[in-house]
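# Sequence and predicted structure, then a few things I'm wondering about:
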Amino acid sequence: MKTIAALLCALGLGLSAEAATLIYPQAKVQFVKKTDAPSLVEVIHDLGLSVDPQNLRLIDIKESILGTHYTYQQTHLGLDVEGGQFSLSVDENNEVIKAYDATITFRTGPKSQLPFLSQNGALKIAWAHLQVDGELLVTPVVELQYSTKMSLVYSVKLATSSPFGYHVIEVNALNGQVISQRDEALPRFKNESVVAPRVVGTLTSFESALSKVQFKEVKKMFELPELMASGTAQVFDPNPVVTLGRTDLQDGSPATEFNQAYVTQTLNEITQAGGVYSLKGPKVTLADFEGPSIAPATSASGVWDFERGQNGFTDAMTYLHIDRSIRYLETLGYKTAKKIFPESIVVDANGLNDADNSHYIPSSRRLAFGHGCVDDNEDSDVILHELGHAIQHHINSMWMGGDTGAMGEGFGDYWASSYSLSLPHGMDTRPEWVFKWDGHNDCWPGRVMNVRYDYTPGKTYGAHQRVGNVYSDEIWSAPLYKAYLELRQNKVSRETIDRIIIEAHFGLGSGLTMPQMAQSIVNTAAKLYPGKNYEATYLKYFKEQKIL
């Protein structure tokens, strides 16, 4: 067995008390899940880790193609430690194939403390801090935990319509001080000019807002009996730029310019209840949970015959492309016990208070799309990019910290392009562009996937950061895109390539860096397809970018 230092060196990672550790055992290590702790104790010892198994609580078990993945939450004095996790991946022979240690090491831990505040007290402090003059979008969540600095804090999640956002507010549990505030939603791109302006109104009491959102949630329990049916819709597939081969199209182009871009597609397993068809199925459910208040379009015949600029068109686009992509994941092997989406994902096709942006919300696992200039969900690239965030967070609920911001955006760009590039004309018109219709026009510049930029070890790459003349997101999408092109040119199927990238996400946790994720992709390619040497292609492009 190599030492931890040697393994880290081999992976191009530095030793740090705060850095997560990715390990691939060099000798056989067995793990048999038991109701008691000894097996985990033995595995941690055999891996040479200093993790205290007594402070690990099993929170998730996931199955994938290569094995079973156990995720543990680090605790201290019975409370969760923010960002502290340990993951173990085991194959069908109970051999450990991967371990990821993101537990927090502290030189001195706090003694037992009792919170000065109650949960309700923390909620009201966060509410007052936001100066809410709107409504709650979902029931708030409050958790008492230890922060990475080992302070006793309440993590308060408040989703509000005004100020609009999915706010995470950290409140010191001992003195009630607000420590930090952030919006947890993951937007398509970061541009302050597209954030919905706040309309200042009358301050809302927390009790009033809570009663309203609870009433809405109770109403959902009393719905008409439903049947599954098929429907059809007129849509873009993937978008008019690819279908027509025209990069000159603008949002204001005459309606007749798009006539040949429309195609009719089947809507699978939509809902029929009381003689009304709605875009609600086992994979995706359209709903109205963000402003503006627009209910999803329904149909008396099961036909959505709309054109761009109409809400029924973007509703059908959203349902079709998300439903199709989730079904595609299942064809890759992620079905039955391995399903990435065991429940229908809820989506607002007319959200974000009409801002020209879209986002995924990790806490509620929902998606929303905004309108403005080219409506975001007129372009399958935007729809599938946002679904990419959902894929990552459903596989790894601890997808946060490290370089996950840039990698999340880069993967979303890759996932969108994997689909569009697979279509008959996908490679004909600027294949390196992402958001070919929503971007690369008068609306916004979009992004590209063929950049060449050196990764800097020790630097943290968040989402949408401008780094030199590229975006941080593009540093990650570039090697994935280039490897995709080379493998396809070598007659490797899209399914094989996507299976490698998806499978590599399992068994990891918070604080991931690009080198760690890259190493997981290389190792996954070798383990999924031994003797094919697909890993060499990935290694080449990760090295070109100096990620490995």
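All right, it came through fine.
# which element is A478 on?
Element membership for A478 (DSSP states H and E) is helix 472-489.
# If we go by neighbour counts, what in that helix is buried?
472-488 (16 or more other Cβ atoms under 10 Å). (Glycine included, C-beta is placed from N, CA and C.)
# Contacts for the helix or strand hosting N268 next, please.
Element membership for N268 (DSSP H and E) is strand 262-273. Identification of contacts with strand 262-273 by Cβ atoms under 8 Å, 6 or more residues apart in numbering yields 223-237, 243, 277-283, 302, 304, 307, 316, 319-320, 323-324, 327.
# buried sites along it?
262, 265, 267-272.
# Nearest to T496, out of those residues: which one, please.
Closest approach to T496 among the buried residues of strand 262-273 (Cβ to Cβ): N268, at 24.6 Å.
# now T256: how far from A27?
According to Cβ to Cβ, to the nearest Å, T256 and A27 sit 68 Å apart.
# I meant Y455, not that one.
30 Å.
# who's more crowded, these two?
Y455 (23 against 9; other Cβ atoms under 10 Å).
# Which secondary structure state is assigned to the residue nearest the centre of the chain?
What sits nearest the mean C-alpha location of the chain, by Cα atoms, centre = their mean, is H389, with 2.1 Å. Here H389 is helix, with the state taken from DSSP: H, G, I helix; E, B strand; the rest coil.
# I figured it hits G408, correct?
Yes. Contact criterion Cβ atoms under 8 Å: H389 and G408 qualify, at 5.7 Å.
# which residues of the stretch 201-350 of the chain fall in helices?
Assigned by DSSP state H, counting those that start in this stretch, the helices in the stretch 201-350 of the chain fall at 206-219, 240-244, 311-331.
# Reformat the ones you listed as JSON lines; add distance to S50, mean pLDDT and mean neighbour count.
Output for the helices of the stretch 201-350 of the chain, formatted as JSON lines (distance: least, Cβ to Cβ, whole Å; pLDDT from 0 to 100; neighbours: other Cβ atoms under 10 Å):
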{"stretch": "helix 206-219", "distance to S50": "43", "mean pLDDT": "66", "mean neighbour count": "13"}
{"stretch": "helix 240-244", "distance to S50": "52", "mean pLDDT": "97", "mean neighbour count": "24"}
{"stretch": "helix 311-331", "distance to S50": "37", "mean pLDDT": "98", "mean neighbour count": "23"}
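# In a markdown table: the ones you listed, plus distance to K339.
Listed next are the helices of the stretch 201-350 of the chain as a markdown table, based on distance: least, Cβ to Cβ, whole Å:
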| stretch | distance to K339 |
| --- | --- |
| helix 206-219 | 25 |
| helix 240-244 | 30 |
| helix 311-331 | 7 |
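# Figure out which of those helices is closest to G468.
Distance to G468, taken as Cβ to Cβ, is lowest for helix 240-244 among those, at 27.4 Å.
# gap between the closest one and the chain center?
27 Å (Cα atoms, centre = their mean, to the nearest Å).
# Also stretch 496-515?
Per Cα atoms, centre = their mean, the centroid offset for stretch 496-515 relative to its chain is 12 Å.
# which stretches of the stretch 151-300 of the chain form strands?
Taking DSSP state E, counting those that start in this stretch, the strands of the stretch 151-300 of the chain run over residues 152-161, 164-172, 178-183, 186-187, 227-236, 262-273, 276-278, 284-286.
# Among the ones you listed, which comes closest to Q73?
Among the strands of the stretch 151-300 of the chain, the nearest to Q73 by Cβ to Cβ is strand 152-161 (13.5 Å).
# correct me, but L56 touches T75?
Yes. At 7.3 Å, L56 counts as touching T75 under the criterion of Cβ under 8 Å.
# Looking only at neighbour counts, state which of the two leads.
Higher neighbour count among L56 and T75: L56, with 22 against 17, using other Cβ under 10 Å.
# Now that one: phi and psi?
For L56, the backbone dihedrals (degrees, to the nearest 10) come out as phi -120, psi 130.
# Report pLDDT for the nearest residue to it once chain neighbours are set aside.
Using Cβ to Cβ, 6 or more residues apart in numbering and skipping residues adjacent in sequence, the residue nearest L56 is Y72, 3.9 Å away. Per-residue confidence (pLDDT) for Y72: 96.
# Just the angle for the helix or strand harbouring Y72 relative to strand 152-161, thanks.
In the assignment (DSSP H and E), Y72 maps to strand 68-76. Computed by axes from the mean of the first three to the mean of the last three Cα atoms, to 10 degrees, the angle separating strand 68-76 from strand 152-161 equals 120 degrees.
# mind listing the helices for the stretch 401-548 of the chain?
With helices called from DSSP H, counting those that start in this stretch, the stretch 401-548 of the chain shows them at 404-421, 472-489, 494-503, 514-528, 534-544.
# Point out the most buried one among the ones you listed.
Highest mean neighbour count among the helices of the stretch 401-548 of the chain (mean count of other Cβ atoms under 10 Å): helix 404-421, with a mean of 26.
# How far does that one sit from its chain's centre?
Relative to the centre of its chain, helix 404-421 is centred 10 Å away, using Cα atoms, centre = their mean.
# Return the helix holding A478 as PDB; C-alpha atoms alone will do.
The C-alpha coordinates for helix 472-489 follow below in PDB (Å, rounded to 0.1, in the frame of the first residue of the first chain):
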ATOM      1  CA  SER A 472     -13.400  29.300 -15.700                       C
ATOM      2  CA  ASP A 473     -16.300  27.200 -17.000                       C
ATOM      3  CA  GLU A 474     -14.500  26.800 -20.300                       C
ATOM      4  CA  ILE A 475     -11.300  25.500 -18.700                       C
ATOM      5  CA  TRP A 476     -13.300  22.400 -17.700                       C
ATOM      6  CA  SER A 477     -15.600  22.000 -20.700                       C
ATOM      7  CA  ALA A 478     -12.600  22.200 -23.200                       C
ATOM      8  CA  PRO A 479     -10.900  18.800 -22.400                       C
ATOM      9  CA  LEU A 480     -14.300  17.100 -22.200                       C
ATOM     10  CA  TYR A 481     -15.300  18.500 -25.600                       C
ATOM     11  CA  LYS A 482     -12.000  17.800 -27.300                       C
ATOM     12  CA  ALA A 483     -11.900  14.200 -26.000                       C
ATOM     13  CA  TYR A 484     -15.500  13.800 -27.100                       C
ATOM     14  CA  LEU A 485     -14.600  14.900 -30.700                       C
ATOM     15  CA  GLU A 486     -11.600  12.600 -30.900                       C
ATOM     16  CA  LEU A 487     -13.400   9.600 -29.500                       C
ATOM     17  CA  ARG A 488     -16.300  10.100 -31.900                       C
ATOM     18  CA  GLN A 489     -13.900  10.400 -34.800                       C
END
